[in-house]
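Q: below are the sequence and a predicted model for it; my questions follow.
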Amino acid sequence: MLHTRPLLLLAALAQVAGVHILHGLYCSHKPCALPVSMYALSRRELQQHGSAAIAAGLLGSSQVAFAADETFSRMGGALEPYIDVQKGYKLYKPFSWNQFDADPGVYDVKFQDLVEPNEIVQVSTSPVSTATSISALGDLAAVGDKFAKSRGAELLSSYERDADGSKAYTLELKGEQYHELLLLTINRGKLYRLSATATNKRWPKRSELYKNIMNSFVPKGY
């Protein structure tokens, strides 16, 4: 059993790390599709938007520490609360970005900038049957190296934080065309992956926004 647990978790993470690159963006298992128009709101989306007030109460007043001398910020209203009770997570999302419902095997939810379609924030989940913490995969440095190599990217920085009782790793990755922040955490039998991408040229304009999104994420949808 001591040897099978890491193997099972690696199998789940292999699905997460299996990506194709299109215009510098990551998508699991198949190329990204960049929608040109917003989909109509589904019943689930209406429920999620109706839960915004709940999410605000759960997230809005707290200051989430993510580094020794920095805290979470809503950036003057540029971020607004989002909660998915069914999937079991909450975060702050970019205000007014297009929202797309689940594309099975690719993402659970995706937020895309209206003007810059290569700027995407998305959440995906995978079941894990044995691991209870992301540390089961390895320490921060080891996990960072694995994901950087799987993407052919450079690991620029990494840090870990406590996301309301769950250890979370955040990696900053840079490829030839793209730049990404990637958060990984495990809670209640799920591996959560939060990704925020932009082109290298646009990264300086988005890095602070993305950093705060990463550090608003909590793998609890209540």
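A: Happy to help now that I have it. Residues are numbered from 1 along each chain as shown.
Q: going forward, measure contacts between C-alpha atoms and count neighbours the same way
A: Will do.
Q: who's in contact with residue 121?
A: 93, 110, 111, 112, 194, 195, 196, 197 (C-alpha atoms under 8 Å, 6 or more residues apart in numbering).
Q: quick check: residue 91 vs residue 146, distance?
A: In this view, residue 91 and residue 146 are 26 Å apart by C-alpha to C-alpha, to the nearest Å.
Q: so which of the contacts of residue 121 belong to helices?
A: Per DSSP state H, helices hold no members of the contacts of residue 121.
Q: inside strands: which ones of those?
A: Among the contacts of residue 121, the ones falling in strands (DSSP state E) are 93, 110, 111, 112, 194, 195, 196, 197.
Q: nearest to residue 100, of those?
A: residue 110 (5.2 Å; C-alpha to C-alpha).
Q: near residue 205, how many other residues are there?
A: 11 (other C-alpha atoms under 10 Å).
Q: circling back to that earlier point, I'd like the contacts of residue 121 as JSON lines, with pLDDT and neighbour count appended.
A: Shown next, in JSON lines, are these (pLDDT from 0 to 100; neighbours: other C-alpha atoms under 10 Å):
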{"residue": "93", "pLDDT": "97", "neighbour count": "26"}
{"residue": "110", "pLDDT": "98", "neighbour count": "22"}
{"residue": "111", "pLDDT": "98", "neighbour count": "21"}
{"residue": "112", "pLDDT": "98", "neighbour count": "23"}
{"residue": "194", "pLDDT": "98", "neighbour count": "22"}
{"residue": "195", "pLDDT": "98", "neighbour count": "24"}
{"residue": "196", "pLDDT": "98", "neighbour count": "27"}
{"residue": "197", "pLDDT": "98", "neighbour count": "26"}
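Q: is it true that residue 74 touches residue 212?
A: Yes: taking contacts as C-alpha atoms under 8 Å, residue 74 lies within contact range of residue 212: 7.4 Å.
Q: which of these two has more residues huddled nearby?
A: Shown here are residue 74 and residue 212; by other C-alpha under 10 Å, residue 212 has more neighbours (22 against 18).
Q: buried set for whichever strand or helix holds the more buried one?
A: Taking DSSP states H and E as the criterion, residue 212 maps to helix 203-214. Across helix 203-214, burial judged by 16 or more other C-alpha atoms under 10 Å covers 203, 207, 209, 210, 211, 212, 213, 214.
Q: average model confidence for it?
A: Averaging pLDDT along helix 203-214 yields 97.
Q: neighbouring contacts of it?
A: Taking C-alpha under 8 Å, 6+ apart as the rule, helix 203-214 contacts 72-75, 79, 91-93, 170, 179, 181-183, 194, 196, 198.
Q: shaky segments in the protein?
A: 1-70 (pLDDT under 70).
Q: rerun that using 80 as the cut-off
A: 1-71, 221-222 (pLDDT under 80).
Q: quick one: the strands in it, in order.
A: 19-22, 25-28, 65-67, 70-71, 79-84, 89-94, 98-100, 109-112, 120-127, 154-163, 166-174, 178-187, 190-199.
Q: including distance to residue 133, could those strands go into a markdown table?
A: Converted to a markdown table, those look like this (distance: least, C-alpha to C-alpha, whole Å):
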| stretch | distance to residue 133 |
| --- | --- |
| strand 19-22 | 23 |
| strand 25-28 | 22 |
| strand 65-67 | 18 |
| strand 70-71 | 23 |
| strand 79-84 | 21 |
| strand 89-94 | 16 |
| strand 98-100 | 29 |
| strand 109-112 | 23 |
| strand 120-127 | 13 |
| strand 154-163 | 11 |
| strand 166-174 | 7 |
| strand 178-187 | 5 |
| strand 190-199 | 9 |
